[in-house]
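Trainee: after the sequence you'll find the predicted model.
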Amino acid sequence: MVAFHLQRSPLLPLIYALAALCLSLAWSSAVSCVLAAEKFPFYPCLQANVKFWEDVYSRYSTRQGILHDTDDLSRVYAIVDLVDWETMDAARINSDRIKAARERVSDILTRLSAGAPPRTAEERRIAGLFPPRQHTVYREARENIRLQLGQSDRFHEGVIRSGKYLTQFKRIFVAQGLPPELAYLPHVESSFNPKAQSKAGAAGLWQFTRSTGKEYMTVNELIDERYDPYVSTQAAARLLKGNYELLQTWPLAITAYNHGRTGMLRAVREAGGYENIFRSYDQGSFKFASRNFYSEFLAAARVAIRMGNNLRFPIERPEETRTVRLTQDMSVHRLRTLYSVSADTFSRLNPALLSPVLKGEQAVPQGFQVRLPAEPRGKIRPNRRSGQPTRA
C-alpha cells in the first residue's frame, strides 16, 4: 500500500472558506426557489393554462390567432395566420380569416358530435383533444371556441423596455415588504408600456382605472400619475399589499388586482381557496380574464426571466435621473430654463404632467416631484430658497 502525505498548504483555510461560501450561496438559492414556490404556487390545475400563456408570450406573434376552448386551454384547435395589422384593410382581411377558421373548426365539432368518424388529419387531431366516445362534449365545445391573438413580438418589446425599470421596481416592492417577483406583473397589464391605454379607461404601465388611481395617486386635469412608472409602481405595491393582507395568499391577491378586492372576498366566501375558485367559480364578472390572470402572471414571469437571463438579449438600461420636489408653483418654462432641460426630455421624464401644464397654460403645482436628468458633478443647480443657480 502506498501512503500519500498531504502537506498542509497555507491556502487551505481560504479554500475551505470559499467552499463554504459556495455551499451557502447554493443553499440560499435553493431556499429562495422554495420560498418563491410557496408564495406563487404552480398548482397542478394551472399547468395547461400556464403552458398556453407561455406559448402566447413566446411562440405566437400578433400575426397569429389561436383558436382554443375557453374553459380547457389544452384544447388548441387551430393557429390562424394573419396579415400584418398595419397592412391596408388588415382588420377586414384578418376578420375573414378568423371567421373561416372558426367555421371550419365548428363544422368539424358538429360532425364529431353526430358520431361521424374523423376523416382527415385535422379532424383526428381535434378528436384526440377529447375523451373517446363522449359525443356530447363536442356539441358543448362548439359553442366555446375563443380566439387569442399571439403576443410574442409585443412581449419581446416589453422585456426590452422592462430593463429600464425592473431593478427599481423590485426595490420598491421589497421596501414594502413584498416579493420582488411582483415587478413582472406589468408584462401582463401593459407589456411595460407607460403610455398604454385600454378601451375601459385604464392607463399607464399598471393599468389603473381613473377611479382606482385616485385612491392611490394624483389624478386630475393637470396631473395623472398613472402615467408615471415609478409613482404608479408605488401605488400598485400599496394596492397589492392591501389585497394580500385581506386575502392571505398571492394567487388570490394577484387575481384581485384584476377582479377587485370585494369580488375576490365574495369568491372566497362562496368557493373557498384559489384552486376551487379556479376550477368552479363562475359568478358575476369572474370570467375568462379573471380566471386566467394568475396563470398569465406565472407564464409572463417565467418567459421574461428566461429572456432576461439571455446575455445577448438587448434590454434597455436604467436611466440615471434625480428628483426635485417643488416648494412653490412653477411654470414648465422656468423649470426647463433653471435646469437646462429640453422640452422633449422634460416631458419624457415627467409623463404625469398633462397638456395644460406642458403647454404653459397652468403651472406645475407645489409639492410635485419633478424628475430631471442626473446632475453631472460640478453642474450648477438652483438654490431652493432663491430659485437662483448656485454651484453644486
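Mentor: Sure, I can see it.

Trainee: surely Ser232 is in contact with Gln207?
Mentor: No: here Ser232 lies out of contact with Gln207, judged by C-beta atoms under 8 Å, at a distance of 9.1 Å. The C-beta positions use only the backbone N, C-alpha and C, and glycine is treated the same way.

Trainee: ok, Ala271 touching Asp282?
Mentor: No: contact criterion C-beta under 8 Å: Ala271 and Asp282 do not qualify, at 9.4 Å.

Trainee: what about Arg124, neighbour count?
Mentor: Residues near Arg124, counting by other C-beta atoms under 10 Å, number 11.

Trainee: for it, which non-adjacent residue is closest in space?
Mentor: Leaving aside its chain neighbours, Arg124 sits nearest to Pro118 (4.4 Å; criterion: C-beta to C-beta, 6 or more residues apart in numbering).

Trainee: mind checking which of Ala271 and Asp282 has more residues around it?
Mentor: Ala271 (18 against 12).

Trainee: show me what contacts the more buried one?
Mentor: 277, 280-281 (C-beta atoms under 8 Å, 6 or more residues apart in numbering).

Trainee: run the last query once more with 10 Å
Mentor: 277-283, 286 (C-beta atoms under 10 Å, 6 or more residues apart in numbering).

Trainee: and these, which of them are buried?
Mentor: For those, a burial check counting by 16 or more other C-beta atoms under 10 Å picks out 277-278, 281, 286.

Trainee: just the ones of those in helices?
Mentor: Among those, the members falling in helices (DSSP state H) are 277-278.

Trainee: okay if I get the buried ones among the contacts of Ala271 as CSV plus pLDDT and distance to Leu185?
Mentor: Below are these laid out as CSV (pLDDT from 0 to 100; distance: C-beta to C-beta, whole Å):
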residue, pLDDT, distance to Leu185
Ile277, 97, 19
Phe278, 97, 18
Tyr281, 96, 22
Phe286, 96, 19
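
Trainee: looking at the buried ones among the contacts of Ala271, spot the one nearest Glu316.
Mentor: Closest approach between these and Glu316, by C-beta to C-beta: Phe278, at 34.8 Å.

Trainee: please enumerate the shared neighbours of Ser232 and Gln207.
Mentor: 186, 213, 226.

Trainee: what about the last one, neighbour count?
Mentor: I take that to be Arg226. If we define neighbours as other C-beta under 10 Å, then Arg226 has 29 of them.

Trainee: show me the contacts for it.
Mentor: Going by C-beta under 10 Å, 6+ apart, Arg226 touches 194, 196-197, 202-210, 212-214, 216-219, 232, 235, 351-352.
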